[in-house]
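Undergrad: My questions are about this predicted structure, shown below with the sequence.
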Amino acid sequence: MDAILLQILNGLDKGSAYALIALGLTLIFGTLGVVNFAHGALFMIGAFCSVTLQRILNISYETIDPTKTDFLGNPAKIKTPYVESWFGPEMGSSIIEWSVPLAILFAIPIMIGIGFIMERGLIKHFYKRPHADQILVTFGLAIVLQEVIKYYFGANPIQTPAPDALEGVAQLTSTIVYPIWRIVYFCFALVIIGAVFAFLQFTTFGMVVRAGMADRETVGLLGIDIDKRFTFMFGLAAAVAGLAGVMYGPINAPNYHMGMDFLVLSFVVVVVGGMGSLPGAVAAGFLLGILESFASMKEVITIVPGINQIIIYLVAIVILLTRPRGLMGRKGVME
Amino acid sequence: MFGLDKKDSTLLLIVALLTMLAPFIFNPFPTDSGLAQFNAGYPDLMQRFVIFGIFAIGFNILFGLTGYLSFGHAAFLGVGSYSAVWMFKLLSMNIVPAILLSVVIAGLFALVIGFVSLRRTGIYFSILTLAFAQMSFALAYSVLTPLTNGETGLQLTLDDPRILGSSATADGSIPVTNLFGLEMRSAYDLVIGPWSFTFSAGYYVCAIVMLLSFYLAIRIFRSPFGMMLRAIKSNQQRLNYTGLNPKPYTLAAFVISGMYAGLAGGLMAAMDPLAGAERMQWTASGEVVLMTILGGAGTLIGPVLGAGAIKYMENIFSKINDNVLHGWFAFLPDGIEDAIVFIIHPFVGKGWHLTLGIIFMLVVTFLPGGLVEGGQRIARLFNRKKADDPKSASTEPAE
Amino acid sequence: MSKLNVTRRGVIKTGAVAGAGLALPTYLSAASHSGYTNAPTGSTVTLGFNVPQTGPYADEGADELRAYELAVEHLNGGGDGGMLSTFSSKVLDGTGILGKKVEYVTGDTQTKSDAARASAKSMIEKDGAIMITGGSSSGVAIAVQGLCQEAGVIFMAGLTHSNDTTGKDKKANGFRHFFNGYMSGAALAPVLAKMYGNDRKAYHLTADYTWGWTQQESIAAATEALGWETVNNVLTPLAATDFSSYIAPVLNSGADVLVLNHYGGNMVNSLTNAVQFGLREKVVNGKDFEIVVPLYSRLMAKGAGANVKGIFGSTNWHWSLQDEGSKAFVKSFGTKYGFPPSQAAHTCYVQTLLYADAAQRAGSFNPCAIGEALEGYEFDGLGNGPTLYRAEDHQCFKDVLVVKGKDNPTSEFDLLEIVEVTPRAQVEYAPDHPMFAGGSLGSCNPGA
């Protein structure tokens, strides 16, 4: 029983990442009608926002300590971050320690900015082009973004640890423990998903966007500049992906190709959820996360060897064959 | 000629000429010059050009004509390779049975996957094909290792039970793939002054197969069947209303293009008897999509150009290292030399992916019809006087 | 365009037109009569460095490339000579190999067998490389080794740890200096037994591909021989990024040791996840829970950050070794690049030197002559103590390091500390050991 509960928790946790990425992806599909292969790269850039902030906070000055030597036998250089000398060692080191949560503030403007630039500078020209062209250009962009990151940060993963207070495990029941940061991540995902839904549901802006998703032309005829709102939606989708990336850092160390690792999966999630459906994407994200976790249990693998390798795709096939437009897809979108 | 109209015959002739003279065309620089780095006329790469050309031509029959975007075509190529290597292991080192089997098996595989996937259209179809291909890859890499040799890839060994032919040659090596005695690895060097040109038997076998597949593709494009496929692309609903069932046609196109992929896989194994699971990964499927769009989807020659462009980048650009760069610019003063090397450095060698990404973006932004459109624009520049010149034979814009 | 000469060359083995030889330009006729692939004819010899430059192992590949460049520099008489001065064989004198200046070409394996073979082929067919070396995974090493056997050039494996490279997939033209899964197990198990006791219950997570399986088989056999019990072995997909669903079942499995048979990104993530789940603070069966990573690399340890503290593993070489060879190598590498070399860099550097030395001793670049010179060759001074290139399977036998993640690193490179240098005798095995059986070297192939 405990094992099953634990796997449900794992599944919710994996599902949070899937759902957050898929949410932005389907938002862009739904509003702009663009197949964005660079969405995984936005997730990756988000994670590297916290790496960058960590680096910025760690900018140091060097003092030479003649009592110690480095690996070549020269006198060792001791690095002290400026932050520590400004705020005192204790305050300074705790600022550095909290760099991941701080990176949320840092990442929001950056991600929205990147989203704006991407949409205005590139994606805008591809609204009327075939999906194949959109795939090629966004895939090209994804490669460029990840190569730029690789050029500056290398190919190795870089740890972005959670603050000490949020590390370690929480005792949920007498027999179940679960890492605190993963619980934080799940709650964070719920908040973001809730905020996006509330925004679309309860604000005039959101209402117009929803109307535009349903019938862009009519909204345009009403004299509303729907393009501007869609640009903003692109920025929002980028920010959601970016925040998902920032918070994911402490779970798995960011590396430059983490976006590509998630890209195919998040497409499967979006399609299983149904094109253009926000609730569908979220539901599919959690569903696939949980099924993936169950499939990796030894008991299951023993019965069906290799099931943990293919479960996501198998589920996708079954769902698409039984429900032609995924879980909650609308007729006529991307068919 | 061969039942083609004049324009198609010309195109076929040009392609034939280009492939037959490829060893000259791809080796324009003298062997000892600094620019020899850009020579692509060595057997392995030329073989890859035409093999991936076949793969892309086949993919284009499905995508270019019907508009169905398969994201799992690499699975057929992988299956083809595995069948061919098994044929080498069990039957004989002659490439004919191996290639035949790889085409047949890939065709059957495509029939099954196509039958299921074609129940959906649009992105739902793409994801279904992607899912099947990823499952094939994941299983081939792990659980199916007895059949595929997993991570390492299926290789020939010294104790293969080859029914026709020997397990090992007299001097204790693994026998070489051949076409009725003509070894695929044999080649001649032609040296003219400082130039050196290599003519490889394997390349010419591939080239002839590619010409045949290209010819077949032209016939399909121009046939009533091809017309029907285009009708499916432009308006499937209307086709339904006329009482026609498009499914058999799309399925036929899917199977044909799967067999092309199998043929490419079989040829790859024939040139180099190893079949790795990575051939089936989604990135490999994505690569053929990119080749086709980059070259010009729906055009006859486009996919071949796209395949050539991507393989050229992968094999030539990745080999340019700092050492080579310094060699090129050594004639400049030190400071300028370093500056130029510093600027170029991120784009070559380990940065070849970056160049590839930038080229994707530039081509698709400025040449919506792919490289073929680029070619047409250049051609138009020269023929500006013939303002009403109809589009060349290869023009069939994607959508 | 005055002369039209037909000749043969390269990877090529045909009955060529014998008479045409008369009209050949000299530099080519020499090539076609020397009797082996890509025989160097001018004043230079070309080596092919085939390393991952894109993909997850790109950093490791970059370090390998640095080592190769350093080795070439030293062979050509540049720099401080590095390990040339500590190497037991003194035939290399800084004038290249056999008097020919060493040049090199580089390529990108992408850590894919296909791409690696394509890259190696272009080096052999286009650039005339006489030897191929490099790589950062066993699948690639085995694929390229097979290619080199067919093409008739020598393959000096880079980082490849699977038993199969010199086991069932061994080839006469291929040589491996790096250690393997069996050696890791044999070196690590006694240390683990000493540190953690003989009645431990181990839970294995294993990367689901060939290397993972051979690694798991080796370490399980070695620990079971010392009394440990293997309670479970779960295979994880290579593509997995989040290992939580594999780690969580460990919590209540009754196991008190977790063995992570992972490498690269898999290892970084699985170890990070294991630490997240609080496994290190756990007490099971009255014992502290322990995690073991059988194959360590400093670059991976860096990626895993603070998570590696106190965790045992094995490694081929580490820069903190204090023998003369290692010190010389770390000094020249560190002076040139500003940081210490990784184990991948070390094995690649040593392989290049060993190849050059073998060619020098054999007096020829003929792969068969070089093979003979390397087979059964005993040497010292290259950082691992007295080492033997065994003739039966072309595997090097040398001391293996058992290392532990350092608790208080003094710098960003100082992540591992050496716990024990396991003597060579303890990691040796018979060539027909069941974990290595099944293949045969075949005969050496000099190509054309």
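TA: Sure thing, it's come through.
Undergrad: Can you get me a residue count around A:R129?
TA: 17 (other CB atoms under 10 Å in any protein chain shown). Glycine gets a C-beta too; all of them are placed from N, C-alpha and C.
Undergrad: What residues does B:N149 make contact with?
TA: Residues counted as contacts of B:N149 (CB atoms under 8 Å, 6 or more residues apart in numbering or on different chains) are B:Q155, C:T210.
Undergrad: phi, psi of it?
TA: Per-residue torsions, B:N149: phi 60, psi 20 (degrees, to the nearest 10).
Undergrad: what about it, distance to B:L274?
TA: 9 Å (CB to CB, to the nearest Å).
Undergrad: residues shared between the contacts of the two?
TA: B:Q155.
Undergrad: which one's the longest strand in chain A?
TA: strand A:60-69 (DSSP state E).
Undergrad: Just the CA coordinates for it, please, in CSV.
TA: C-alpha atoms of strand A:60-69 as CSV (Å, rounded to 0.1, in the frame of the first residue of the first chain):
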residue,chain,number,x,y,z
SER,A,60,34.0,36.6,-6.2
TYR,A,61,37.2,38.4,-5.6
GLU,A,62,40.4,36.5,-5.1
THR,A,63,42.8,36.6,-2.2
ILE,A,64,46.0,34.6,-2.2
ASP,A,65,46.4,32.3,0.8
PRO,A,66,50.1,31.4,1.0
THR,A,67,49.5,28.7,3.5
LYS,A,68,47.6,26.5,1.1
THR,A,69,48.6,25.3,-2.4
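Undergrad: any bit of that strand sitting next to chain C?
TA: Yes. Judged by CB under 8 Å from any CB of the partner chain, strand A:60-69 and chain C are in contact via A:K68.
Undergrad: Can you give the contact residues for that strand?
TA: A:P75, A:A76, A:K77, A:I78, A:K79, A:T80, A:P81, A:Y82, A:S85, C:T410.
Undergrad: The helix or strand following that strand - contacts with which helices or strands?
TA: Going down the chain from strand A:60-69, the next helix or strand is strand A:75-81, by DSSP states H and E. Packing partners of strand A:75-81 (3 or more CB pairs under 8 Å, 6 or more residues apart in numbering or on different chains; DSSP states H and E): strand A:60-69.
Undergrad: Partner strands of the strand it packs on, with direction?
TA: According to DSSP bridges, strand A:60-69 forms sheet pairs with strand A:75-81 (antiparallel).
Undergrad: can you dump the C-alpha coordinates of the following helix or strand past the partner strand into PDB?
TA: The C-terminal neighbour of strand A:75-81 among helices and strands, as given by DSSP H and E, is helix A:82-87. Taking C-alpha atoms only, helix A:82-87 is exported to PDB below (Å, rounded to 0.1, in the frame of the first residue of the first chain):
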ATOM      1  CA  TYR A  82      31.100  39.900  -3.100                       C
ATOM      2  CA  VAL A  83      27.600  39.200  -1.700                       C
ATOM      3  CA  GLU A  84      29.300  37.700   1.400                       C
ATOM      4  CA  SER A  85      31.500  40.700   1.900                       C
ATOM      5  CA  TRP A  86      28.600  43.100   1.400                       C
ATOM      6  CA  PHE A  87      26.100  41.500   3.700                       C
END
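Undergrad: Around chain C, which positions in the stretch 151-300 of chain B sit nearby?
TA: Counting by CB under 8 Å from any CB, the positions of the stretch 151-300 of chain B adjacent to chain C are B:151-153, B:155, B:157-159, B:168, B:171-174, B:176, B:183, B:185-193, B:198, B:272, B:274, B:276, B:278-279.
Undergrad: Which of these are buried, as a ChimeraX select command?
TA: Here is the ChimeraX command that picks out the buried ones among those, judged by 16 or more other CB atoms under 10 Å in any protein chain shown:
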select /B:151,152,153,155,157,158,168,173,174,176,183,185,186,187,188,189,190,191,198,272,274,276,278,279
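Undergrad: Any buried residues in stretch C:126-146, and which?
TA: Going by neighbour count (16+ other CB under 10 Å), the buried part of stretch C:126-146 is C:126-146.
Undergrad: Check whether the helix or strand harbouring A:L25 comes into contact with chain C.
TA: Using DSSP H and E, A:L25 sits within helix A:2-32. Yes. Residues of helix A:2-32 contacting chain C under CB under 8 Å from any CB: A:D2, A:A3, A:L6, A:Q7, A:L9, A:N10, A:G11, A:D13, A:K14, A:A17.
Undergrad: Next one: the fifth one relative to chain B, how far apart?
TA: Shown here: A:L9 relative to chain B, a distance of 25 Å by CB to the nearest CB, to the nearest Å.
Undergrad: Give the full set of residues in contact with that residue.
TA: Neighbour list for A:L9: A:Y178, A:R182, C:A248 [criterion: CB under 8 Å, 6+ apart].
Undergrad: again, only using 7 Å
TA: A:Y178 (CB atoms under 7 Å, 6 or more residues apart in numbering or on different chains).
Undergrad: you'd agree C:H346 is up against C:T315?
TA: No. Look at C:H346 against C:T315 with CB atoms under 7 Å: they stay out of range, at 9.9 Å.
Undergrad: Near whichever residue of the stretch 201-350 of chain C sits closest to chain A, how many other residues are there?
TA: Nearest residue of the stretch 201-350 of chain C to chain A, counting by CB to the nearest CB: C:G305, 3.3 Å away. Neighbour count for C:G305, taken as other CB under 10 Å: 20.
Undergrad: Look up the closest residue to it, ignoring the ones flanking it.
TA: Leaving out its chain neighbours, the residue that sits closest to C:G305 by CB to CB, 6 or more residues apart in numbering or on different chains is A:Q159, at 3.3 Å.
Undergrad: Count the residues that sit near the one you found.
TA: Neighbour tally, A:Q159, other CB under 10 Å: 19.
Undergrad: and if you look at C:K336?
TA: C:K336: 16 neighbours (other CB under 10 Å).
Undergrad: surely it meets C:A71?
TA: No. Counting by CB under 7 Å, C:A71 is not a contact partner of C:K336; they are 11.6 Å apart.
Undergrad: Quick check: A:V318 vs B:V143, distance?
TA: Separation of A:V318 from B:V143 (CB to CB) stands at 19 Å.
Undergrad: Look at the two and report which has more neighbours.
TA: Remark: of A:V318 and B:V143, B:V143 carries more neighbours, 20 against 12, as counted by other CB under 10 Å.
Undergrad: Just list the residues touching the residue nearest to the more buried one when sequence neighbours are not counted, thanks.
TA: In space, not counting the residues next to it along the chain, B:V143 is nearest to A:G306; the distance is 3.5 Å by CB to CB, 6+ apart. Applying CB under 7 Å, 6+ apart, we find A:G306 in contact with B:L139, B:S142, B:V143.
Undergrad: Which residues of the stretch 1-150 of chain C lie near chain A?
TA: Residues of the stretch 1-150 of chain C lying close to chain A (CB under 7 Å from any CB of the partner chain) are C:P56, C:A58, C:D59.
Undergrad: circling back to that earlier point, and what about the residue nearest to C:G305, helix, strand or coil?
TA: Secondary structure for A:Q159, judged by DSSP: H, G, I helix; E, B strand; the rest coil, is coil.
Undergrad: Hmm, A:F234 and A:I28 touching each other?
TA: Yes. Between A:I28 and A:F234 there is a contact under CB under 7 Å: 6.3 Å.
Undergrad: Could you report the separation of B:I220 from chain C?
TA: Taking CB to the nearest CB as the measure, B:I220 falls 29 Å from chain C.
Undergrad: Helix or strand: which one has that residue?
TA: Short version, using DSSP H and E: B:I220 is in helix B:201-222.
Undergrad: Figure out how far that helix is from the centre of its chain.
TA: Here helix B:201-222 is found 12 Å from its chain centre; the criterion is CA atoms, centre = their mean, to the nearest Å.
Undergrad: ok, and what's touching that helix?
TA: Under the criterion CB under 7 Å, 6+ apart, residues B:2, B:4, B:8, B:12, B:15-16, B:19-20, B:43, B:46-47, B:50-51, B:53-54, B:57, B:61, B:179, B:182-187, B:226, B:260, B:263, B:267, B:271, B:300 lie in contact with helix B:201-222.
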